[in-house]
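>>> Need the 3D shape of this:
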Amino acid sequence: MTNKQPFDLELQLYKLLEDEPFFAALSRRINKSKSTSVPTAGVRVNPRNGRFEMVYNPEFFEKLTPVERRGVLKHEFYHLIFEHVTGRLPPEGMTKMWNIATDLAINSHLLGELPEGGCFPQKAPFEDYPLNQSSEFYFNMLKEDEQFKPDPDQGEGESGEGEPQDGQGNGNGGLPDTLDDHSGWNDECDQSAKEIAEQRLKEDLKDIVNEINSSGKGWGSVGAETRRQIQDFITPKVDWRKVLRYFIKTSQRANKRSTVKRLNRRFPYIHAGRKVTRRAKIAVSIDQSGSVDDGMLALFFSELSALAKYATFTIIPFDTDVAEDKIWEWKQGKKHTWERVLTGGTDFDPPTEYVNGQDFDAHLILTDMMAPKPKPSKVQRAWITTPEYAERPYFHTNERIIVVEP
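Below is the predicted model:
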């Protein structure tokens, strides 16, 4: 009598993912290990090597259909892509609710692909939950959902003794369990190991995206919105404050004049030296239309206060025209608070014409970019706006766009 060999997921991966080029490429880069310590499957950071790994119960996988096995694989990989293991961790005391929220977000992409027991929007007990929302959206819905609020007369559990801990955090208000195991997210793991794992994943995803795009194989079932999130995850984040400082510093002009106070290094005591003084005169045009909100103005003025040590700013309020009687100069080293002085529409030509007719080194325009493209600028010009307006500007430009975020 031969002993039955335990189920080996690795032997089936190619067949399971042959129609999923993206997930197949990601799967090759994720370690997998069998374990009966988890009831189904889960992903975590291995603290010994700082890598993500998937742990799966072979007995659970053996009972699944091929479609369900592929669905569980994709579910686990989505947890990694959406940073559920390292970056977007549960609020304190609400671990189980957060776990369900992440599964609701992922399982919107996997309808009909997972075994019974998963948490799905528009299926009991989440019939009123819409599809294709973020984890944060579902988390807020769960917090307000009366059916999941603990009974104050009975405590957290139905018996009044509280629900037992299941490795996923607190039990509360009759929340169902998730299909997969999330306990590895909260394992004691050095923060540096998590950061290393996340950085390695980013590098892997960059390679995968290049591989997919160059091979022409396509992304399989990965939708456009998920592809955008993956691209955002692997794109290096640039600090807008550093970009703004760089723009201002590179706009500084050199005023050179002869002086006997500094020796000429090449011809000492023969030719007079030159003393170089640097200053920048920056025009800052501020769109006063109602669509530029107060928060954006306050955030920008706060950063200008820090940058005033590098330059003198001329503040130019405008809407469909420049309010010349409201123009004022922000002297170096001074601090100011913002104020709104106009409330009209938007036209970028008036501030451009004003700056072109003056002696400035550069031109910054704080705006929502919701107006036609302006005339050319005689000095280098940059646009300062928010992420949503940067993604969908009214016009396109090759000039620098600085995206302001809190």
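
>>> Which residue is the nearest non-sequential neighbour of residue 329?
residue 314 (5.4 Å; C-beta to C-beta, 6 or more residues apart in numbering). Heads up, the C-betas are built off the backbone N, CA and C, glycines and all.

>>> who's in contact with that neighbour?
281, 282, 283, 284, 327, 328, 329, 330, 358, 360 (C-beta atoms under 8 Å, 6 or more residues apart in numbering).

>>> Hmm, the fourth one is touching residue 318, no?
In other words, residue 284. No - at 10.8 Å, residue 284 does not count as touching residue 318 under the criterion of C-beta atoms under 8 Å.

>>> Neighbour count: those two, which is higher?
The residue with more neighbours, out of residue 284 and residue 318, is residue 318; 28 against 23, by other C-beta atoms under 10 Å.

>>> Kindly give a single PyMOL line that selects the buried subset of the contacts of residue 314.
Selection command for PyMOL covering only the buried members of these, criterion 16 or more other C-beta atoms under 10 Å:
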select buried, resi 281+282+283+284+330+360
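
>>> quick one: which of the contacts of residue 314 sit in strands?
Within the contacts of residue 314, residues falling in strands by DSSP state E are 281, 282, 283, 284, 328, 329, 330.

>>> of the contacts of residue 314, closest to residue 143?
residue 284 (42.0 Å; C-beta to C-beta).

>>> any idea how far the closest one lies from residue 107?
As judged by C-beta to C-beta, to the nearest Å, residue 284 and residue 107 stand 48 Å apart.

>>> what comes up buried for stretch 287-297?
Under the neighbour-count rule (16+ other C-beta under 10 Å), stretch 287-297 has 287, 288, 289, 292, 296, 297 buried.

>>> low pLDDT regions in the stretch 101-250 of the chain?
150-173, 186-190, 236-238 (pLDDT under 70).

>>> For the residue nearest to residue 329, what are phi and psi?
With angles defined as degrees, to the nearest 10, residue 314 sits at phi -110, psi 110.

>>> Same check on residue 54?
The phi/psi pair for residue 54 (degrees, to the nearest 10) reads phi -110, psi 130.

>>> Is residue 147 in a helix, a strand, or coil?
helix (DSSP: H, G, I helix; E, B strand; the rest coil).

>>> so how many other residues sit close to the nearest residue to residue 206 once chain neighbours are set aside?
Once flanking residues are discounted, residue 206 sits nearest to residue 234: 5.0 Å by C-beta to C-beta, 6+ apart. Neighbour count of residue 234, defined by other C-beta under 10 Å: 16.

>>> how about residue 234, what does it touch?
Contact analysis of residue 234 by C-beta under 8 Å, 6+ apart lists 202, 205, 206, 209.

>>> any idea which of these is closest to residue 7?
residue 205 (28.5 Å).

>>> Tell me which helix or strand the closest one sits in.
If you go by DSSP states H and E, residue 205 is part of helix 191-215.

>>> Now do that helix: distance to the chain's middle.
Between the centre of helix 191-215 and the centre of its chain there are 15 Å (C-alpha atoms, centre = their mean, to the nearest Å).

>>> From the contact counts, what lies against that helix?
helix 21-27, strand 41-46, strand 51-56, helix 224-234 (3 or more C-beta pairs under 8 Å, 6 or more residues apart in numbering; DSSP states H and E).

>>> And the helices in this protein?
With helices called from DSSP state H, the chain shows them at 13-16, 21-27, 58-62, 66-81, 95-107, 135-144, 191-215, 224-234, 240-250, 294-307, 349-356, 387-391.

>>> can you put the ones you listed in JSON lines and add distance to residue 183?
Formatted as JSON lines, the helices of the chain follow (distance: least, C-beta to C-beta, whole Å):
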{"stretch": "helix 13-16", "distance to residue 183": "24"}
{"stretch": "helix 21-27", "distance to residue 183": "22"}
{"stretch": "helix 58-62", "distance to residue 183": "15"}
{"stretch": "helix 66-81", "distance to residue 183": "13"}
{"stretch": "helix 95-107", "distance to residue 183": "9"}
{"stretch": "helix 135-144", "distance to residue 183": "18"}
{"stretch": "helix 191-215", "distance to residue 183": "15"}
{"stretch": "helix 224-234", "distance to residue 183": "24"}
{"stretch": "helix 240-250", "distance to residue 183": "38"}
{"stretch": "helix 294-307", "distance to residue 183": "39"}
{"stretch": "helix 349-356", "distance to residue 183": "57"}
{"stretch": "helix 387-391", "distance to residue 183": "35"}
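
>>> Between those helices, which one is closest to residue 41.
Short answer: helix 66-81, nearest of those by C-beta to C-beta, at 5.7 Å.

>>> List the contacts of residue 109.
Neighbour list for residue 109: 74, 78, 132, 221, 223, 226 [criterion: C-beta under 8 Å, 6+ apart].

>>> Farthest-apart pair in these, please.
The widest separation within these (C-beta to C-beta) is 15.5 Å, between 74 and 132.

>>> who's more crowded, those two?
residue 74 (25 against 12).

>>> and the more buried one, what is it in contact with?
By C-beta under 8 Å, 6+ apart, the contact list for residue 74 reads 20, 23, 109, 110, 113, 221.

>>> how far away is the fifth one from residue 183?
Distance, residue 113 to residue 183, by C-beta to C-beta: 23 Å.
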